[in-house]
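K.L.:
sequence first, then the predicted structure, then my questions.
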Amino acid sequence: MLSRSRNLNALGVLGLNRRNGDYILKFNPRRLYPLVDDKLQTKRLAIQAGIAVPELYGVIETQHDIRRLPEIVHNRPEFALKPAHGSAGDGIVVIAGRSAGRYRTISGALLDDEFLSHHLSNAINGQFSLGGVPDVVIVEYMVRFSALFERISFQGVPDVRVIVFRGYPIMAMVRLPTRASHGKANLHQGAVGAGIDIATGVTLDGVVGTEVVTHHPDTSNPVAGLQIPDWDVILDISARCYELTGLGYIGVDIVLDRDLGPLVLELNARPGLAIQIANRQGLLRRLQICEQRADFAASAPGRIDFSRREFAHPVMEK
Amino acid sequence: MNNRHIYFLAAVLTVLALSMFAYKAKMLGFPVMPQQQTQIWTIEAAVSFTPGPAAVKATLRIPSLTPGYSLMDENFISRGFGVTTRPAAAGREAQWAVREASGPQTVYYRAVVYRDPTRQAEDTTPAFPEAPKLDEASRIAMEGLIADVRRQSADVASFTTELLRHIGQGQNDPYIRLFLDRTATPSDRAHLATIFLAGAQIPARIAHGVNLRDRAGAVQPEVLLEVHDGVEWLYFNPQTLQQGLPPDFLIWWRGDESIASVEGGSGLDVTVAVQQSLLDSMLVAERRAERSGSHSAEFSLFSLPIATQAVYTVLLMIPIGALVIMFLRNFIGLKTFGTFMPVLVALAFRETRLVWGIVLFAIIVSLGLLIRFYLEKLRLLLVPRLTCVLTVVVLLMAGISVLSHRLGLQPGLSIALFPMVIISMTIERMSIVWEERGAYEAIQEGTGSLIVAAVAYLVMGIAWLEHLIFVFPELLLLVLAAALLVGRYTGYRLLELRRFKALQEDGARAET
């Protein structure tokens, strides 16, 4: 057991205790958390900084506002509902159209007004927020994911997660929904996570849970070797998200829209560690490389250059 | 830098906790084991006499300076007598007095003592004794004897031993023959020794006491000779010539007088009886702390009313439960619903016992979940829905109690002790996880909580630990120190070793 632990350490794998103790507690001041825990605030900050986000249609803040939903989405057959404080994708409903006066979700289920109202009321009352505090629901543009991902994704919206350490993108992966994950890009529920080479934006092999997979379980297409489009833009906006919040250790979630290109969905101040399995590389080694050699006063383009140079896959011990 | 601060703090807390623990355990004798018992002796002196026609006064010498033993308790038992105690020439005495009494009377004195090695003879150095007043012939004999003995000895101790040897020869010793007749008792011999020692300018006195060695029933007081060598009192057995205070010897009174005397009465008879027994060490330790002027007993939890003590026995174990959870979460990596929810469930297990606790918990949560899924269909707002779940949980608990009582299953009754609000919240959280992330994860987290609760219960149920924490609450500082250290533990969790297995295999492949 001890040798296993030493082995992991030699591979530069970051554990939860270390992530919390040495990185989150150290580089993420608690007072900045609301900026990322509230997706509405993040969205507004991003708009100010000129970072592209899904367009905000409206906000449902009170029980009374729920009745305004048809009005908000009047000319928009497609939209997404998101609790502003939801975590791990909880409480998100994506409506892809309407039929016979009912809302059709992206997975094809038909929801009536009553169901949607109930869902919104639960969300406002804090069912999906941490600690059950009252919440608001964001109504926003439904991302139409680029055709590129259709071959390796089952429904839902694949998204790109980039870990940004003090402005340096250090590791990235793409999360591909599966049947098992009910179309959600959530690794805990069985979505495929595939690492991305920071230098080139080309995907690597994927994992489901802790098992390595080379092909998407539903579409049977190979996961590796795919060039993520607009990779430069993705790196640029991830790096700039550091200035946006001041948090030193974040996960930036980005979706690729067919028409609008990369959009920032949300930021996460406690990003998970599964990205290491997806890349089959340790975060700790990259964090340490950053701490030893990076110039933390550098501008975003300088930081991206550094990351592309240092974190070309695979990053080996030096 | 930051870590050093924490190590320092943890070290200070550890040292503080352990030194307080050591002081209380070693110096004050607080019991480290539960139900630890200390040997105590109850010594009873019964003084009986026949009073005369007028007022009668009975005096009994009672223990005051008892090296090796401490007095825990004493009582004076009599009917119709007034009792006073007062310091006397060599110790204390108790006096029973009554103006009128008819028929034979018995008064009792009862003392409870325990062994206390810290108690020494804290006597002041006595003055040189006056030379005994003797007739000319005796004086010459005494001087001759003293000169003889002095020649054969080096110091006070050897002088005394030599003197006692001479006295022990009795009639066969030419000097002693003058002083002792054939019927001399050990007490007479000891008395004679004090006279000779006074002649040699050595302070000496007779100590009377009882031998406590696993004797039950009536005992005869025995005699020791105490001799002061200028520094401390030395003890000699006048018969065996053995030096030193026997470990089982309780000194009762000193001097030449007998144990009791009666004024205005006759037929005095004193019997002393010893009874050995065991007493909870805690009581003895408290008494000792009181006597030594330490406040540790006054400010201990034992000074609280019994009902409050019972509450604290449980409360003090909560940090231990939290410690268990901390280890299971941060070292093993188990997931639970709510950080300390398992501690509360573990507390409920104390009443239900483990197996029943798990069964009842599983029943109530499963039924609660069913209700919760049904309520979900009704599309209630969050707070009213929680209220419904809570109400249903309480009703379920009442129902299970009544049903199990009917069936004659007593453990079912204790379900009332489950923390129902916590259980309702658990049901709510579990149903959300169930819906959002699937049944597998919900059941996994629920089982994790139950396992953690069971482990916490087992650890919190260790009787010895419970006793230890209650008697030495300062040991909780160790929990604090441990929490500080774990707070800076940045190593892997046990389950992470499995989680990152894929990376390890890669690592192994890269090496070969």
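P.N.:
Right, received. Where do you want to start?

K.L.:
could you use CA atoms for every contact and neighbour count after this?
P.N.:
Noted.

K.L.:
tell me the secondary structure at the closest residue to chain A within chain B.
P.N.:
Distance from chain A to each residue of chain B (CA to the nearest CA) is smallest for residue B:490, at 4.0 Å. Under the three-state scheme (DSSP: H, G, I helix; E, B strand; the rest coil), residue B:490 adopts coil.

K.L.:
in contact with it, which residues?
P.N.:
Residues near residue B:490 by CA atoms under 8 Å, 6 or more residues apart in numbering or on different chains: A:15-19, A:21-22.

K.L.:
so can I have CSV of those showing secondary structure and pLDDT?
P.N.:
Listed next are the contacts of residue B:490 as CSV, based on DSSP: H, G, I helix; E, B strand; the rest coil; pLDDT from 0 to 100:
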residue, secondary structure, pLDDT
A:15, coil, 88
A:16, helix, 87
A:17, helix, 87
A:18, helix, 88
A:19, helix, 90
A:21, helix, 85
A:22, helix, 87
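
K.L.:
show me the subset of those that also lies near chain B.
P.N.:
Contacts with chain B within those, as defined by CA under 8 Å from any CA of the partner chain: A:15-19, A:21-22.

K.L.:
number of nearby residues for whichever residue of the stretch 1-150 of chain A sits closest to chain B?
P.N.:
With CA to the nearest CA, the shortest gap between the stretch 1-150 of chain A and chain B falls at residue A:18, namely 4.0 Å. By other CA atoms under 10 Å in any protein chain shown, the residues close to residue A:18 number 19.

K.L.:
I'd say it and residue B:489 touch.
P.N.:
Yes - using CA atoms under 8 Å, residue A:18 makes contact with residue B:489 at a distance of 7.4 Å.

K.L.:
ranges for the helices of the stretch 101-250 of chain A?
P.N.:
Assigned by DSSP state H, counting those that start in this stretch, the stretch 101-250 of chain A shows helices spanning A:113-124, A:231-245.

K.L.:
could I get these as a markdown table with mean neighbour count?
P.N.:
As requested, the helices of the stretch 101-250 of chain A are exported to a markdown table (neighbours: other CA atoms under 10 Å in any protein chain shown):
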| stretch | mean neighbour count |
| --- | --- |
| helix A:113-124 | 21 |
| helix A:231-245 | 21 |
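
K.L.:
with mean pLDDT and distance to residue B:161 added, can I get those in a markdown table?
P.N.:
Shown next, in a markdown table, are the helices of the stretch 101-250 of chain A (pLDDT from 0 to 100; distance: least, CA to CA, whole Å):
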| stretch | mean pLDDT | distance to residue B:161 |
| --- | --- | --- |
| helix A:113-124 | 85 | 97 |
| helix A:231-245 | 90 | 93 |
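
K.L.:
any chance of these in TSV, plus distance to residue B:253?
P.N.:
Shown next, in TSV, are the helices of the stretch 101-250 of chain A (distance: least, CA to CA, whole Å):
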stretch	distance to residue B:253
helix A:113-124	85
helix A:231-245	86
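
K.L.:
turn the ones you listed into JSON lines, including distance to chain B.
P.N.:
Formatted as JSON lines, those follow (distance: least, CA to the nearest CA, whole Å):
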{"stretch": "helix A:113-124", "distance to chain B": "6"}
{"stretch": "helix A:231-245", "distance to chain B": "25"}
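
K.L.:
and residue B:261, bridged to which residues?
P.N.:
On the basis of DSSP bridges, residue B:261 is bridged to residue B:59.
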